[in-house]
Each structure stands twice: as structure tokens, then as C-alpha cells.
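**Student:** Just to be clear, the model below is a prediction. Sequence and coordinates:
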Amino acid sequence: MSLSRIFQRRSLLKGAAAFGGLFTFSAFTSVASGEEQTSDRGQQPDRDVVRMGDIPLSSAAKVTVERRGEIVLIGINRPYIQNRLDPEAFVGLAKAYYQYDHDPSLRAAVLFGHGENFSRGIDVNAFQALATTGRPLISERGTIDPLAKGSSKLTKPLVEVVHGDTWNMADELYLVADIRVASADTRFGQDENTHGRFPGGGSTIRFVREAGWGNAMRYMLTGDH
């Protein structure tokens, strides 16, 4: 990664953390005004109280957590495979979302990716192995689906800061966010169709809603980036 790109990424993250209060205000203003964008936010009757702890950056940590006052930075950390999410990393995100949502000392979360890319989506081979077992990917207790498809959803603001390749499930994670920040080098893609797969993480609804039918169909049907 060039020095200029490192500085660019740090600036994005620093700006996201510094303006956490603004993010929180903007998100709750949207809720109050009843905007359609907030339809992915849920109400959780069982408000367990937890204290979210840090998960430092290391080769063993597929998801990192760094608290900065009332803001928490959540990082996808599989740069050696372009941050593709395997089941363990996806569950790590689900647990991090739950802990953030149930920690009253935190007001906003920022999701980003370590390395050259935000994420190229799922680790197909790892997910195929899970599919043969018949086991569910995540449980309802202690997790919140990062794709906002389950009954448990975030009730606090989520900011996503992306750069580099942001493909498939990664784009679907981005579409869930309340506030989205993309660097100039971001390459979005929703190309499951070109690989004989179906985009099952919500883009068939959210992509159309956010970008319009024509734009969504162009990228989802052709696989353009």
C-alpha cells in the first residue's frame, strides 16, 4: 500500500471517529423524521448490558475492535485473502455488532477493512464447507446479523468507511450502514451473477432502493465493477 493511500485511509477513519457525535445526531434525526432508510433498524426488547472490550490487531484476529471514547472501530482483518469473510469472521462481526448495540457507553460504530481492500465479499470455499453441515451461520442470542436480515437489528448508528475492492457481501454490508464514506479508489461490485450465484445479502432490495432500478440492474446483471 502506498504512503498516500495509508494517509488517505487514516484520514477517513480519523474523520469518522472525530465526528461520531455528528453521526449519532444525523442517524437519530432520520429516525425521528421517519425516513425509509431507517427501516433496517429494529427494536430489541431484551436489553442486555455488556461492556465491549478491545480486540487488538493481530494475525489471529479476523475482526478487530478498538474503542475511542464513545466510538468503536470494528475492522475486518483478513488482508491476505482480500478481507473475504469466512463464517468465523462473519460471526465475529455479528458478535461485535451485538456488543456495540448493548454497551450503553458507546454511541456510534465505524466498520472498515484492514489492508488494501475493504472486502471482496465471502470466502466461497469456507461457506461451501459450512453449507454441507446444515448448521445455521449465526444464532439469535448474543449476535446481530450484519446484513440486517434477522429479527435482531442494530438500534444505534453504524458508519462504514470503505476503500479498494468492495464486492458482493461487502457491498451489501455497506448498503446496511446509516452513514457511508468511500475513498476515491473504491471499486464497488455485485457480480455474483457472473459466477452462477445469487446475491442473498439484501442487495436485491437495498441496491435498487439506494441507486435506482437502472443502476442496480446494470451492475447486478452484468457484473461490472
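**Tutor:** The structure has been received and is ready for your questions.
**Student:** How about the host helix or strand of Phe127, which residues are buried there?
**Tutor:** Using DSSP states H and E, Phe127 sits in helix 124-131. Of all the residues in helix 124-131, those buried under the rule 16 or more other C-beta atoms under 10 Å are 126-127. C-beta coordinates here come from the backbone N, C-alpha and C atoms, glycine included.
**Student:** what packs against that helix?
**Tutor:** The contact analysis (3 or more C-beta pairs under 8 Å, 6 or more residues apart in numbering; DSSP states H and E) places helix 124-131 against helix 87-101.
**Student:** Can you list the strands that the helix or strand following the helix it packs on pairs with?
**Tutor:** Later in the chain than helix 87-101, the nearest helix or strand by DSSP H and E is strand 108-113. Partner strands for strand 108-113, per DSSP bridges, with pairing direction: strand 71-76 (parallel), strand 158-162 (parallel).
**Student:** Please work out which of those is packed deepest.
**Tutor:** Among the strands paired with strand 108-113, strand 158-162 has the highest mean neighbour count (mean count of other C-beta atoms under 10 Å), at a mean of 25.
**Student:** if you skip the residues just before and after it, what's nearest to Tyr100?
**Tutor:** In space, and not counting its chain neighbours, Tyr100 is closest to Ala109: 4.7 Å by C-beta to C-beta, 6 or more residues apart in numbering.
**Student:** Which parts of the protein are helices?
**Tutor:** With DSSP state H applied, the chain shows helices at 3-18, 20-33, 87-101, 124-131, 169-176, 203-211, 213-222, listed in chain order.
**Student:** how about the strands paired with strand 108-113 in CSV, adding distance to Gly121 and mean pLDDT?
**Tutor:** Shown next, in CSV, are these (distance: least, C-beta to C-beta, whole Å; pLDDT from 0 to 100):
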stretch, distance to Gly121, mean pLDDT
strand 71-76, 11, 98
strand 158-162, 12, 98
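**Student:** For stretch 210-225, give the mean pLDDT please.
**Tutor:** Computed over stretch 210-225, the mean pLDDT rounds to 74.
**Student:** what's the burial count for Thr194?
**Tutor:** 12 (other C-beta atoms under 10 Å).
**Student:** before we move on, the earlier item: which pLDDT value goes with the residue nearest to Tyr100?
**Tutor:** pLDDT, read off for Ala109, is 98.
**Student:** Could you check how many residues crowd around it?
**Tutor:** Neighbour tally, Ala109, other C-beta under 10 Å: 28.
**Student:** before we move on, what about Ala177?
**Tutor:** 22.
**Student:** Quick one: residues contacting Ala177.
**Tutor:** 111, 158-160 (C-beta atoms under 8 Å, 6 or more residues apart in numbering).
**Student:** try Leu137
**Tutor:** By C-beta under 8 Å, 6+ apart, the contact list for Leu137 reads 87, 90-91, 130.
**Student:** Can you add pLDDT and distance to Asp178 and give those residues back as a markdown table?
**Tutor:** Converted to a markdown table, the contacts of Leu137 look like this (pLDDT from 0 to 100; distance: C-beta to C-beta, whole Å):
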| residue | pLDDT | distance to Asp178 |
| --- | --- | --- |
| Pro87 | 93 | 26 |
| Phe90 | 95 | 20 |
| Val91 | 95 | 22 |
| Leu130 | 80 | 29 |
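**Student:** Highest neighbour count among those residues?
**Tutor:** Using other C-beta under 10 Å as the neighbour test, those are led by Phe90, with 26 neighbours.
**Student:** Surely that residue and Ile138 touch.
**Tutor:** Yes. Here Phe90 reaches Ile138: they are 7.2 Å apart, a contact under C-beta atoms under 8 Å.
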